[in-house]
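Novice: with the sequence up front, the predicted model follows.
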Amino acid sequence: MAKDIGIDLGTANVLINVKGKGIVLNEPSVVAIDTQTGKVLAVGAEAYKMVGRTPGNIRSIRPLKDGVIADFDITEAMLEYFINKLNVKGFLSKPNILICAPTNITSIEQKAIIQAAEKSGGGKVYLEFEPKVAAVGAGLDIFQPQGNMVIDIGGGTSDVAVLSMGEIVTSQSLRLAGDKMDAAIVSYVKAKHKLLIGEHTAEQLKIQIGAVYEADKSVSMEVRGRDIATGLPREVEVTAVEVQEALHDVMSAVIAAAKEVLEKTPPELSADIIDRGVMLTGGGALLKGISKLFADELHVPVLLAEDPLDAVALGTGVLLDNIAHHKQY
Ligand SMILES: Nc1ncnc2c1ncn2[C@@H]1O[C@H](COP(=O)(O)OP(=O)(O)OP(=O)(O)O)[C@@H](O)[C@H]1O
């Protein structure tokens, strides 16, 4: 018999949860292809190492952008590779798949995700919205008649949602998250230090010293790139305070979205959120000072998920038990 699986098809990472086993795969959403033959050369972690470092005939592609499929064939090839790697197919049966998507995508974008899952070897495919699954994965009991709020900051999208009785009551999804933070750091370092750095370097700055509230003035990191004027390699010291400045606009947009969701939330549920707080999930929840920033701006308690990067995949594991109750396509 094939095993049911949950997939967090993220812009930055793909995680797969196999029913009864837990999270068995966690790899970057990257595929390297030969541009002349179209052949897939590497997928996941191996392809990620090649980003920004490929010769002319090889291209490393991130097939998802801003939470949705940007390149259908490559997404399908990537999913197929991951599913085959897991050996979850039965002799004659295919695994049922629960797959997640951001809240504000079009029906065409939803269909593309479902079709990619089907074509990559899935049996029945069920779709759930990311903030709902993230809330479940973070341990919230969203099925009671009480308000729960979750802010999921991933690689491509930031999703804010208030949930009650298992459904999303109000939500906002921004195509603005980790990737845009990296791009903002690249622009900042270019403008301030006249140095062009790669997106991996920017991501490392964000992960290692990135702060969004009261950054530690004594923290800094050396980065290397190409001097804009001379074209030669150069090293500069970037401080945590500078990274905080670089991340300011993205964080302001997420805060504005969270405020808008709270403004549209029915008062009884708002009262619950004051008691229960807001849960932060997704890789962005690991930014230093993020809970203080949201608590300051939203005037509600803020909680960090225990495993923010795994929350969606963990949530699929819980929801897989009732897979037949989800919307099937
Ligand atoms: N310690 C950290 N501090 C800040 N950001 C981090 C940290 N660790 C990972 N990230 C960022 O988190 C993002 C990935 O998060 P996550 O895996 O939740 O997103 P995703 O599910 O792939 O994307 P999406 O849900 O938007 O499609 C990346 O942008 C990564 O750089």
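Specialist: Happy to help now that I have it.
Novice: list the contacts for the closest residue to the ligand within the stretch 201-329 of the chain?
Specialist: Of all residues in the stretch 201-329 of the chain, Gly283 sits closest to the ligand, at 1.8 Å by CB to the nearest ligand atom. All C-beta atoms are positioned from the backbone trio N, CA, C, and that covers glycine. By CB atoms under 8 Å, 6 or more residues apart in numbering, the contact list for Gly283 reads Ala12, Asn13, Ile153, Gly154, Gly155, Gly178, Pro308, Leu309.
Novice: check Gly147 too.
Specialist: Listed by CB under 8 Å, 6+ apart, the contact set of Gly147 reads Val162, Leu163, Ser164, Val169, Thr265, Glu268, Leu269, Ser270, Ala271, Asp272, Ile273, Arg276.
Novice: how far off centre is stretch 197-212?
Specialist: Offset of stretch 197-212 from its chain centre (CA atoms, centre = their mean, to the nearest Å): 16 Å.
Novice: the ligand contacts on the stretch 51-200 of the chain?
Specialist: With CB under 6 Å from any ligand atom as the criterion, the stretch 51-200 of the chain meets the ligand at residues Gly67, Glu130, Gly154, Gly155, Gly156, Thr157, Ala177, Gly178, Asp179.
Novice: going by secondary structure, the last one is in what exactly?
Specialist: In this structure, Asp179 sits in helix 178-193 according to DSSP states H and E.
Novice: phi and psi next, for the spatially closest residue to Leu195 that is not a sequence neighbour.
Specialist: Counting by CB to CB, 6 or more residues apart in numbering, Leu195 lies nearest to Gly225, which is 4.5 Å off, once chain neighbours are set aside. Here the main-chain torsion angles of Gly225 (degrees, to the nearest 10) amount to phi -170, psi -160.
Novice: got the contact list for Gly225?
Specialist: Val189, Leu195, Leu196, Ile197, Gly198, Thr201, Pro233, Arg234, Val236.
Novice: for beta bridges, what are the partners of it?
Specialist: Beta-bridge partners of Gly225, counted by DSSP bridges, are Arg234.
Novice: look at it and report its pLDDT.
Specialist: Gly225 is assigned a pLDDT of 97 by the prediction.
Novice: among the contacts of Gly147, which two are most distant?
Specialist: Leu163 and Ala271 (15.1 Å; CB to CB).
Novice: neighbour-wise, which of those two wins?
Specialist: Neighbour totals were compared for Leu163 and Ala271, and Leu163 leads with 24 against 13 (other CB atoms under 10 Å).
Novice: pLDDT score for the residue lying closest to Glu203 once chain neighbours are set aside?
Specialist: Among residues not flanking Glu203 along the chain, Asp182 sits closest, at 4.9 Å (CB to CB, 6+ apart). If you check Asp182, the pLDDT there is 98.
Novice: same question for the one 4 residues further on.
Specialist: According to the predicted model, the pLDDT of Val186 comes to 98.
Novice: and if you look at Lys89?
Specialist: What the model reports as pLDDT for Lys89 is 70.
Novice: return a PyMOL selection command for the buried portion of the contacts of Gly225.
Specialist: In PyMOL, a selection of the buried entries from the contacts of Gly225 looks like this (16 or more other CB atoms under 10 Å):
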select buried, resi 189+195+197+198+201+234+236
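Novice: make a markdown table out of the contacts of Gly225 and add distance to Glu109 and pLDDT.
Specialist: Below are those laid out as a markdown table (distance: CB to CB, whole Å; pLDDT from 0 to 100):
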| residue | distance to Glu109 | pLDDT |
| --- | --- | --- |
| Val189 | 33 | 98 |
| Leu195 | 36 | 98 |
| Leu196 | 33 | 98 |
| Ile197 | 31 | 97 |
| Gly198 | 29 | 94 |
| Thr201 | 31 | 96 |
| Pro233 | 40 | 98 |
| Arg234 | 41 | 97 |
| Val236 | 39 | 98 |
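Novice: between the contacts of Gly225, which is nearest Tyr81?
Specialist: Gly198 (25.4 Å).
Novice: surely the closest one touches Ala183?
Specialist: No. Gly198 lies out of contact with Ala183 (CB atoms under 8 Å); the separation is 11.4 Å.
Novice: count of neighbours near the closest residue to Gly277 other than its chain neighbours?
Specialist: Distances taken as CB to CB, 6+ apart put Pro301 closest to Gly277, at 3.5 Å, once the chain neighbours are dropped. Neighbour count of Pro301, defined by other CB under 10 Å: 14.
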